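Asks: Sequence and predicted model, in that order:
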Amino acid sequence: MKKDKYFDEDIKIQTIIKHYILKNCLETSLSIANKNKYHPENQRKYIYIDCYAGVGLIKEKHKGSPLIACKEFQKILSKLEKINNYKIILFEKNEVHYKELLNNIKNNCQNLLKHICVINDLWTKNIHNYLEKYENDYGFIFIDPYANEYIDLQILQKIIKNNYLKEILIFINLQALRRLIGKGINNSLEIDTKDNLEEEIHKKFSFLGKEFVLFATIPTEKEGKITNSDYFGLIYMTNSANVADKFTIAYKEAFQNIKNVPEALFGNRNIQEEILEILEKYNSISLTLIVRLLQSKYLSWKKTLKIEEIPTLNKILDEINILLKENKIFVTSPFFDKRIKKVKKLKKEAIKSNQNLKQTIISLSKL
């Protein structure tokens, strides 16, 4: 694949991966929303909320999350003749940082200023006012807490309950959480054991109501070298299979782009075997649920995963077609390639939308 110049930046690996995934998921979310946004019967707005905006820049030259988001809005807006139906809401509780953020927004986002609202306060005090106002609109919420802060699950549940059309991306400091648990200190994630920590975190978020809950872990670096541990995590929650897919694609691309990632640390997941295991349990199942189950297993660059086995929609489709060719599964779907007479093969349309995924049923072969 083509090298992304973004990965030549001299900032830490966890920040590079986090921001790369943010910009890719936001771009996809905006694109999908805009396909329906200006239909006469669907006049929804798009709301972007950054709960920990900071100053907007890293080391005075690299874009932080607010400016990355603004750039994505600028890109999508440049492709359209008229678009005024959106809002960018940035929370920053530190007054000094808030003033710097205002400055950086003015210097970098002139054409968006009338759509940006910068708030000098805790997001937990104000976010519900905005979410109630825009609860039926598309949107994206980015939560990247400082240091040892963790989002309260009850607050998150309230956010999700009435905001079906909004994506949520959360950065989690796993090492800090392990230290808190080790000292017996309470944390808002309500986890009291370090054993199988990743599974416990994923379980907590999976009960909050989104159809797709993806959890990917990432390393950090010390003295210029990538550590061989899962130091941080990213939780992504969405009801769109295609936006969930963009998360997995961006995660894969990130590790393909970053230099000196020790391949020996990658695990040994096998998507084809996992599909068969799912079918052994359910016997017959929709492609939607297969995708959801495969992507729900947490992705660890160290423990669970070969980079080529990341469960993107294309990867899942390829493995299903191999199983079809080998007569290990049977598929009922309107999306077969009719050009192939002897071997049934699912077309790309099968993974194009949530609706198409639901129309494809996978079963174990009776042969």
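Replies: That came in fine, so what should we check first? This structure is a prediction, so every number in the text was calculated from the model and none was measured.

Asks: average pLDDT for the longest helix anywhere in the chain?
Replies: Counting by DSSP state H, the longest helix found in the chain is helix 13-37. Averaged across helix 13-37, the pLDDT comes to 87.

Asks: do stretch 310-325 as well
Replies: 94.

Asks: List the contacts of that stretch.
Replies: 241-242, 245, 248-249, 251-252, 271-272, 275-276, 287, 290-291, 294-295, 297, 299, 308-309, 329, 331, 343-346, 348, 350-351, 362 (C-beta atoms under 8 Å, 6 or more residues apart in numbering). Any C-beta I mention is one placed from the backbone N, CA and C, and that applies to glycine too.

Asks: Pull up the per-residue confidence for the residue positioned nearest the centre of the chain.
Replies: Centroid-nearest residue in the chain, with C-alpha atoms, centre = their mean: Tyr236, separated by 3.7 Å. With respect to pLDDT, Tyr236 has a value of 96.

Asks: still on that earlier bit, and the longest helix of the chain, what's buried?
Replies: 13-34, 37 (16 or more other C-beta atoms under 10 Å).

Asks: For the following helix or strand past it, enumerate its sheet partners and note whether each is parallel or antiparallel.
Replies: Using DSSP states H and E, the helix or strand that follows helix 13-37 in sequence is strand 46-50. The sheet places strand 46-50 alongside strand 86-91 (parallel), strand 138-143 (parallel), with pairing taken from DSSP bridges.

Asks: follow-up on the earlier one: return the set of residues that bridge with the residue nearest to the centre of the chain.
Replies: Bridge pairing for Tyr236 - DSSP bridges - gives Leu169, Leu214.

Asks: pLDDT weak spots in the stretch 201-350 of the chain?
Replies: Applying pLDDT under 70 to the stretch 201-350 of the chain flags the ranges 264-265, 338-343.

Asks: got the residue ranges for the helices in it?
Replies: Remark: helices assigned in the stretch 201-350 of the chain by DSSP state H, counting those that start in this stretch are 241-257, 271-282, 287-296, 313-325.

Asks: For the stretch 1-150 of the chain, give me the ranges with low pLDDT.
Replies: In the stretch 1-150 of the chain (pLDDT under 70), the answer is 1-10, 36-43, 59-61, 78-84, 148.

Asks: can we see that at 80?
Replies: 1-11, 34-44, 59-61, 76-85, 147-150 (pLDDT under 80).

Asks: Break the chain into its domains for me.
Replies: 5-261, 266-367 (automatic domain parsing).

Asks: just to revisit the earlier point, for the longest helix of the chain, packing partners?
Replies: strand 46-50, helix 65-77, strand 138-143, strand 166-173, strand 212-218, strand 232-238, helix 241-257 (3 or more C-beta pairs under 8 Å, 6 or more residues apart in numbering; DSSP states H and E).

Asks: Leu153: which of the helices of the stretch 201-350 of the chain is closest?
Replies: Closest approach to Leu153 among those is made by helix 287-296 (17.8 Å; C-beta to C-beta).

Asks: CA atoms only: put that closest one into CSV for me.
Replies: The C-alpha coordinates for helix 287-296 follow below in CSV (Å, rounded to 0.1, in the frame of the first residue of the first chain):
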residue,chain,number,x,y,z
LEU,A,287,-23.8,-12.2,7.7
THR,A,288,-24.6,-9.2,10.0
LEU,A,289,-24.1,-11.2,13.1
ILE,A,290,-21.0,-13.0,11.8
VAL,A,291,-19.4,-9.6,11.1
ARG,A,292,-20.5,-8.3,14.5
LEU,A,293,-19.1,-11.4,16.4
LEU,A,294,-15.8,-11.3,14.5
GLN,A,295,-15.3,-7.6,15.0
SER,A,296,-16.4,-7.8,18.7
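
Asks: Between helix 313-325 and it, find me the angle.
Replies: 120 degrees (axes from the mean of the first three to the mean of the last three C-alpha atoms, to 10 degrees).

Asks: Check the spacing between Phe335 and Leu357 real quick.
Replies: According to C-beta to C-beta, to the nearest Å, Phe335 and Leu357 sit 10 Å apart.

Asks: Based on its surroundings, how many neighbours for Ser188?
Replies: For Ser188, the neighbour count with other C-beta atoms under 10 Å is 14.

Asks: Quick one: residues contacting it.
Replies: So Ser188 contacts Tyr150, Ile151, Asp152, Leu153 (C-beta under 8 Å, 6+ apart).

Asks: let's see it at 10 Å
Replies: Going by C-beta atoms under 10 Å, 6 or more residues apart in numbering, Ser188 touches Pro145, Glu149, Tyr150, Ile151, Asp152, Leu153, Gln154, Ile155, Leu156.

Asks: now Ser363
Replies: Leu279, Tyr282, Asn283, Ser284, Ile285, Ile329, Phe330, Val331, Thr332.

Asks: can you rerun that using 7 Å?
Replies: If you count contacts by C-beta atoms under 7 Å, 6 or more residues apart in numbering, Ser363 has them with Leu279, Asn283, Ser284, Ile329, Phe330.
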